[in-house]
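> sequence-free structure coming up:
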């Protein structure tokens, strides 16, 4: 486990959000680490300030961040932010969230900002994973066994991921090729 703190501050909502997302990507190693807990601080004044402290488990994957913002009337902006967020968290376990609004003093423009920290819900056995997600899981298992593909049960992986054995063999081949590890395909 480790703690990570990310913060951003700007007079512009758009710049604050963009800067925060970039810093989040830079500080979260490995990317998509599992997020155990999160505290979000979102304040408005002369500047928008967004900060977050995360407790992450870098040995697991699944964590992510959603930040959405919209402008217009207060109710409309909030509704738009919530619609965008809700469309993206259907298959997620929300760890923490914060919604805030800000009306600029000069233009009287209202912004709504929504921040959600989440972990992806593991797929149910038999559901198909996207190729990249399936390969992340297989790569993690291979890493645990020092990239020895002989420890894998190809038939079981094929059944769990709902793909053919040839697909699993190909995934292994690609993972090992990315790491420059020679691989001789042996049928089991």
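Yep, it's here. Worth saying up front: this structure is predicted, and the values here are computed from it rather than measured.

> In contact with the spatially most central residue of the chain, which residues?
For the chain, the residue nearest the mean C-alpha position is residue 64 (2.3 Å; CA atoms, centre = their mean). Counting by CB atoms under 8 Å, 6 or more residues apart in numbering, residue 64 touches 32, 35, 92, 117-120. Backbone N, C-alpha and C define where each C-beta goes, glycine included.

> ok, now residue 109?
Contact analysis of residue 109 by CB under 8 Å, 6+ apart lists 71, 103.

> Apply 10 Å and report the result again.
With contact taken as CB atoms under 10 Å, 6 or more residues apart in numbering, residue 109 is in contact with 13, 71-73, 77, 102-103.

> From residue 113, how far out is residue 84?
Residue 84 is 11 Å from residue 113, where distance means CB to CB, to the nearest Å.

> neighbour-wise, which of those two wins?
residue 113 (23 against 15; other CB atoms under 10 Å).

> Am I right that the more buried one is in a strand?
Yes: judged by DSSP: H, G, I helix; E, B strand; the rest coil, residue 113 forms part of a strand.

> number of nearby residues for the closest residue to it other than its chain neighbours?
Nearest in space to residue 113, with sequence neighbours left out and distances taken as CB to CB, 6 or more residues apart in numbering, is residue 69 at 4.6 Å. Counted by other CB under 10 Å, the residues lying close to residue 69 total 20.

> List the buried residues for the one helix or strand residue 69 maps to?
Applying DSSP states H and E as the criterion places residue 69 in strand 63-72. If you call a residue buried by 16 or more other CB atoms under 10 Å, then strand 63-72 has these buried ones: 63-71.

> any idea of the mean pLDDT in the helix or strand following that strand?
Moving toward the C-terminus from strand 63-72, the next helix or strand (DSSP H and E) is helix 74-88. Model confidence over helix 74-88, given as mean pLDDT, is 93.

> tell me the angle helix 74-88 makes with strand 63-72.
150 degrees (axes from the mean of the first three to the mean of the last three CA atoms, to 10 degrees).

> Could you pull out the buried residues of helix 74-88?
Across helix 74-88, burial judged by 16+ other CB under 10 Å covers 77-78, 80-81, 85.

> Please name every helix or strand in contact with it.
Under the contact definition 3 or more CB pairs under 10 Å, 6 or more residues apart in numbering; DSSP states H and E, helix 74-88 sits against strand 63-72, strand 92-103, strand 110-120.
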